[in-house]
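> I'll drop the sequence and a predicted model, then ask my questions.
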Amino acid sequence: MELLHSDKLSGGSGSGSTQKYVDVEEVKDGIISLKNGSIRAVLMASAINFDLKSTEEQDSIIGQYQNFINSLDFPIQIVISSRRLNIEPYMDYLKKQELKLSNELLTLQLAEYRNFIKNLTAASNIMSKFFYIVVPFSPVESVKGNFFENLMGGPKKDLEKRKIMFESYKNQLWQRVDQVIAGLSGTGVKVVPLKTDEIIELLYNSYNPAVDHNSLLKDIDQVELR
């Protein structure tokens, strides 16, 4: 289990006054547990170039998306995250390739190309966009009582019962995730759930937008769908 109370995620020693404003209790098994007892799964979605599609393809995509929305009996949240493109890993790669070259002309050309990329990104604020779908499940939808206490550990519930309840809620959440994945597949959008470490990275980047990050979330074009 990876808690969001680590130094990396909570901002270190001075985070005591800000932690209470964060709704997230913990991240476990690829699921976000909120302080109110509800849970969330986060899916990363690919983008499609709608304008390059033919009229028939556009109509088909719109129809499939309409069918998907009408099939949902629970809310979803679509999140678009814009981040400044980090080219440092690419620049390091070019520098290593430059050192390997024995041809003086190729070395000069690669150095000029590296300087061109560096100046281009410095002069323009190039952004990368990431698309996410948040799928919710709340125990209040199926059980009555103090659900947060039941799920997160009330005085009358032992550890084993809490684990069983969490597994039950998690299974119901993944059923919704499968429904979202199947519904969007007809539109040509690839969707894949984020794992625990990827969710933590996403949350950390969201709560620290001014910090540069070298790590990247998974490439949607290289994932294996469930």
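Received, thanks. Numbers count the residues shown, from 1 in each chain.

> Tell me where this protein has helices.
7-10, 55-71, 88-100, 104-123, 147-152, 159-185, 196-207 (DSSP state H).

> Ok, which of those comes nearest residue 39?
Closest to residue 39 of the helices of the chain, according to Cβ to Cβ: helix 159-185, at 5.7 Å. (Each C-beta comes from the backbone N, C-alpha and C, glycine too.)

> for the helices of the chain, which one sits closest to residue 46?
That would be helix 159-185 among the helices of the chain, by Cβ to Cβ, at 9.4 Å.

> now for that closest one, which elements pack on it?
Contacts defined by 3 or more Cβ pairs under 8 Å, 6 or more residues apart in numbering; DSSP states H and E place helix 159-185 against strand 39-45, helix 55-71, strand 127-137, helix 147-152, strand 191-193.

> and the longest one, how far from the chain's centre?
Mean-position distance between helix 55-71 and its chain equals 24 Å (Cα atoms, centre = their mean, to the nearest Å).

> list the helices and strands it packs on?
helix 159-185.

> tell me the angle the helix it packs on makes with strand 127-137.
Interaxial angle of helix 159-185 relative to strand 127-137 (axes from the mean of the first three to the mean of the last three Cα atoms, to 10 degrees): 130 degrees.

> Pull out the buried residues from helix 159-185.
Within helix 159-185, the residues scored as buried using 16 or more other Cβ atoms under 10 Å are 162, 165-166, 169-170, 173-174, 176-177, 179-181, 183-184.

> Which of those residues sits closest to residue 77?
Closest to residue 77 out of the buried residues of helix 159-185 is residue 180 (11.3 Å), distances taken as Cβ to Cβ.

> Where among the helices of the chain is average confidence lowest?
Among the helices of the chain, helix 7-10 has the lowest mean pLDDT, at a mean of 47.

> Quickly list the domain ranges of the chain.
If you go by automatic domain parsing, the domain ranges for the chain are 2-83+129-222, 86-125.

> So which of those is the most surrounded?
Among the domains of the chain, the stretch with the highest mean neighbour count (mean count of other Cβ atoms under 10 Å) is domain 2-83+129-222, at a mean of 15.

> chain center to that one: distance?
What separates the centre of domain 2-83+129-222 from the centre of its chain is 7 Å, taken as Cα atoms, centre = their mean.

> what do you get for stretch 81-98?
Relative to its parent chain, stretch 81-98 has a centroid offset of 21 Å by Cα atoms, centre = their mean.

> Output it in PDB with nothing but the alpha carbons.
The C-alpha trace of stretch 81-98 is given here as PDB (Å, rounded to 0.1, in the frame of the first residue of the first chain):
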ATOM      1  CA  SER A  81      -3.900  18.000 -18.200                       C
ATOM      2  CA  SER A  82      -1.600  20.400 -20.000                       C
ATOM      3  CA  ARG A  83       2.100  20.200 -19.200                       C
ATOM      4  CA  ARG A  84       5.100  22.000 -20.600                       C
ATOM      5  CA  LEU A  85       7.000  19.600 -22.800                       C
ATOM      6  CA  ASN A  86      10.200  18.300 -21.100                       C
ATOM      7  CA  ILE A  87      12.800  17.800 -23.800                       C
ATOM      8  CA  GLU A  88      15.800  17.200 -21.400                       C
ATOM      9  CA  PRO A  89      15.800  13.400 -21.900                       C
ATOM     10  CA  TYR A  90      15.800  13.900 -25.700                       C
ATOM     11  CA  MET A  91      18.600  16.500 -25.500                       C
ATOM     12  CA  ASP A  92      20.600  14.100 -23.400                       C
ATOM     13  CA  TYR A  93      20.000  11.300 -26.000                       C
ATOM     14  CA  LEU A  94      21.200  13.600 -28.800                       C
ATOM     15  CA  LYS A  95      24.300  14.600 -26.900                       C
ATOM     16  CA  LYS A  96      25.200  10.900 -26.400                       C
ATOM     17  CA  GLN A  97      24.700  10.200 -30.000                       C
ATOM     18  CA  GLU A  98      26.900  13.200 -30.900                       C
END
